[in-house]
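J.: Kindly generate the corresponding structure for this input.
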Amino acid sequence: MAEAHQAVAFSFAVTHEGVAVDFDREVLKLIFNSGVRSWKKRIARLKNGISNGVFPGSITGLMVIDSAFVGAYIHGYDPSFGLVDKIASQLAGNTKEGKLIAASAVGFGCWATVIISARQLLKLLFHYKGWMYEERGAGRKVSLPTKLWLLGLKIFSGYRRPMLYSFQGSLPHLPLPSIDETLTRYLRSVRPLMDDDEYHRMERLAREFRNGIAKKLQRYLILKRMWSTNYVSDWWEEYVYLRGRSPIMVNSNFYGIDAILRHPSSIQATRAANIVYSAMMFRRSLERQEIQPIMVQNIVPLCSSQYERIFNTTRIPGLETDKIVHLPDSTHIAVFCNGKFWKVTLYHKGRLMKPAELEIVFQKILDDTSAPEKGEEKLAALTAGERTTWARARQQFFSKGMNKISLDAIEKAAFFLSFDDEDYNYDPKDHSKLDHYGRVFLHGKGYDRWFDKSFTICIGKNGKIGFNAEHSWADAAVVAHLWEFVLSEDVIVLGYKSDGHCIGIPEFDPPSASKLRWELPDECIQVIEKSNKVAQALLNDVDLRLYVHDGYGKGLMKKFRVSPDAYIQMALQLAYYRDAGKFNLTYEASMTRLFKEDR
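T.: Model (predicted):
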């Protein structure tokens, strides 16, 4: 009840002396600061939306063109060839004020026409894919169509520095191939894997498909393409990821590790503070759209829509299908340490706490000696087990009361942070240490990661770090961008003192983290143990070997005029053939982020 009383900003009571009002100034101040921060973010989003909506133009360009039209008309020149007078005759009786308004309207119309035309021309230029097939390397010759295409991009992309979502309105939609094109590509892909009899059978099946249900399915796709921005992405997210009922740990989630040759600090709380602060700085850059879109060869932009769900996102289990929930903002993170869950507020009086201040908060969590509540230590195993089991448990045990409040604190966090209780090292002479390093971030203990969160940052006892990311909301390349930023910001921008602690002096005594409370009945604990057994069986069935190859790198591959990805794929195929004596069907992801809202 103490927490409930503290949460009340004001109260009143009627007495024989009148109405007595009691209010908490600090709580009201927090509410006010939260509202101010929310409105600042809304205004920033509106401003960025307008800026992206007129790209490659700018509001400054509008003001210049508008001023030029009005100025020219005032000095007796009419660049509109009489259009201003025609419009003015319909306004305010053809007065001087009406003519100025008409001149301004014509200037705006000319500016808008140029911008809309430039955006449509950009969309047409982005449809061209001939640049992909140009020769690479020294002495290459670029074809004339590609040269003209490059010139057009330079002209119509403008000279403004693009924001993260500046090109979104100009990206083309994913094209829908015809039935014949689809079948031709399919048969070409399976030909090397089949003998003549098998291939002739497949040709017959393809003809039957073309003459049968294919036309009906193609009409569905045409309708879907007309109705939605992308006719694949939402189905891909739903049927490839969210409808899966098997554990997402190992099967779906992916991981990343620290720079293995660098160890900037061995103090766990210190490294966590710098990494969390760096991650929040990346989020701030996303909100302000200061990060430029990824450009292929610094020319063609990739779709940036997946960046929207990096933070404040979680996967919610369902009986038949899961769903992704994304919040517009979150001011806290959830932390797991020594079998206990914590809520850490990252802002104080409207300001993001600095690394030196966060270090104090995290050190208090690490120093806490209280015991976990009954069933709390392995609670996160629910997110590692079967999805339907977790969905039923969530409805039955976490839909109300204290458990719902604590679960909300985790699911509505910006991201999840886990303090591990062991060291992680790399030893060139002992590959098992690096293998263990990878396994820890792939699955951990099965109950020390919240696998439903968009990503979990893991901090080893000796300060080495890694992450585990849920896969349905985005592809690995997006998380890799975040991770690259965090690792570079950690050392290059923030840095550490000579004693390994965070640089800077705390400006105030930061508030302690809030320990999350749970009321887990025996029936719920049994479900947790059931999920944990599933997780343990899965992680114990994993064979992982990380191989450090330092003989040569991508530079040598490119000298052969082969992309590093294709080179690795051929090496894998050759290794499999030498081992098995045959080729096999291979899954190789194909990136389609050259199109709008694609993956």
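
J.: Arg160 contacts Thr60, correct?
T.: No: look at Arg160 against Thr60 with Cβ atoms under 8 Å: they stay out of range, at 9.4 Å. (Each C-beta comes from the backbone N, C-alpha and C, glycine too.)

J.: who's more crowded, the two?
T.: Using other Cβ atoms under 10 Å, the more surrounded residue of Arg160 and Thr60 is Arg160, with 15 against 9.

J.: tell me the pLDDT at Val36?
T.: Looking at Val36, its pLDDT reads 67.

J.: And the next helix or strand past the longest helix anywhere in the chain?
T.: Using DSSP state H to define each element, the chain has its longest helix at helix 96-126. Later in the chain than helix 96-126, the nearest helix or strand by DSSP states H and E is helix 144-156.

J.: Quick one: mean pLDDT over the helix or strand just after that following helix.
T.: Sequence order places helix 179-190 as the next helix or strand after helix 144-156, per DSSP H and E. Average pLDDT, helix 179-190: 92.

J.: Now Val527: which helix or strand?
T.: Assigned by DSSP H and E, Val527 falls in helix 522-539.

J.: elements contacting that helix?
T.: helix 387-397, helix 431-443 (3 or more Cβ pairs under 8 Å, 6 or more residues apart in numbering; DSSP states H and E).

J.: list the buried ones in the shortest one?
T.: Along helix 387-397, these residues count as buried under the neighbour rule (16 or more other Cβ atoms under 10 Å): 387, 389-391, 393-394, 397.

J.: swap in stretch 111-130?
T.: By neighbour count with 16+ other Cβ under 10 Å, stretch 111-130 contains the buried residues 111, 115, 118-119, 122-123, 125-126, 128.

J.: neighbouring contacts of it?
T.: Stretch 111-130 has contacts (Cβ atoms under 8 Å, 6 or more residues apart in numbering) with 54-57, 61-62, 65-66, 143, 145-146, 149, 152-153, 156-158, 167, 169-172, 300-301, 594.

J.: What subset of those is buried?
T.: 54-57, 61-62, 65-66, 149, 153, 156-158, 167, 170-172, 300-301, 594.

J.: Can you tell me, leaving aside adjacent residues, what's nearest to Cys524?
T.: In this structure, Cys524 finds its nearest non-sequential neighbour in Phe397, 4.3 Å apart by Cβ to Cβ, 6 or more residues apart in numbering.

J.: mind listing what the one you found touches?
T.: 403, 520-521, 523-524, 527 are the contacts of Phe397 under Cβ under 8 Å, 6+ apart.

J.: Ser514 now?
T.: Ser514 neighbours (Cβ under 8 Å, 6+ apart): 342-345, 409.

J.: that older thread, identify whichever of the helices and strands packed on helix 522-539 lies nearest to Phe362.
T.: Phe362 lies closest, by Cβ to Cβ, to one member of those: helix 431-443, at 19.2 Å.

J.: which other helices and strands contact that closest one?
T.: Using 3+ Cβ pairs under 8 Å, 6+ apart, helix 431-443 sits against strand 254-257, strand 465-469, helix 522-539.

J.: So which of the ones you listed has the densest surroundings on average?
T.: Stretch with highest mean neighbour count among the helices and strands packed on helix 431-443: strand 465-469 (a mean of 25; mean count of other Cβ atoms under 10 Å).

J.: packing partners for that one?
T.: strand 254-257, helix 431-443, strand 455-459, helix 476-488.

J.: Mind listing the strands that strand pairs with, and their directions?
T.: Applying DSSP bridges, strand 465-469 is found paired with strand 254-257 (antiparallel), strand 455-459 (antiparallel).

J.: next one: it to chain centre, how far?
T.: 14 Å (Cα atoms, centre = their mean, to the nearest Å).

J.: Tell me what angle that strand forms with helix 476-488.
T.: Inter-element angle recorded for strand 465-469 and helix 476-488: 160 degrees (by axes from the mean of the first three to the mean of the last three Cα atoms, to 10 degrees).

J.: between strand 465-469 and helix 431-443, how many degrees?
T.: Going by the same axes, to 10 degrees, strand 465-469 makes 40 degrees with helix 431-443.

J.: mean confidence for strand 465-469?
T.: Strand 465-469 shows a mean pLDDT of 95.

J.: How about stretch 361-373?
T.: 94.

J.: gap between the two ends of it?
T.: Terminal residues of stretch 361-373 lie 21 Å apart, using Cα to Cα, to the nearest Å.

J.: Check stretch 370-387 too.
T.: In stretch 370-387, first residue to last residue: 31 Å (Cα to Cα).

J.: Buried residues, that stretch. List them.
T.: 372-373, 375-387.

J.: Same question for stretch 553-561.
T.: Met557.

J.: From Gly107, how far out is Ala68?
T.: 7 Å (Cβ to Cβ, to the nearest Å).

J.: ignore the last one, His549
T.: In terms of Cβ to Cβ, His549 sits 61 Å off from Gly107.

J.: Among these two, which residue is more densely surrounded?
T.: Gly107 (25 against 6).

J.: nearest spatial neighbour of that one, skipping sequence neighbours?
T.: Gly107 sits nearest to Phe69 (Cβ to Cβ, 6+ apart), 3.3 Å away.

J.: burial of that neighbour, as a residue count?
T.: 26.

J.: State whether it and Ile101 are indeed in contact, as I suppose.
T.: No: if you go by Cβ under 8 Å, Phe69 and Ile101 don't touch, sitting 11.4 Å apart.

J.: one step back: okay, and which of the contacts of Ser514 map to strands?
T.: 342-345 (DSSP state E).

J.: Filter those down to the buried ones.
T.: 342-345.

J.: In a markdown table: the residues you listed, plus pLDDT and distance to Ser330.
T.: Listed next are those as a markdown table, based on pLDDT from 0 to 100; distance: Cβ to Cβ, whole Å:
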| residue | pLDDT | distance to Ser330 |
| --- | --- | --- |
| Trp342 | 96 | 15 |
| Lys343 | 96 | 11 |
| Val344 | 96 | 11 |
| Thr345 | 94 | 10 |
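
J.: Relative to Ser472, which of those residues is nearest.
T.: Lys343 (24.7 Å).
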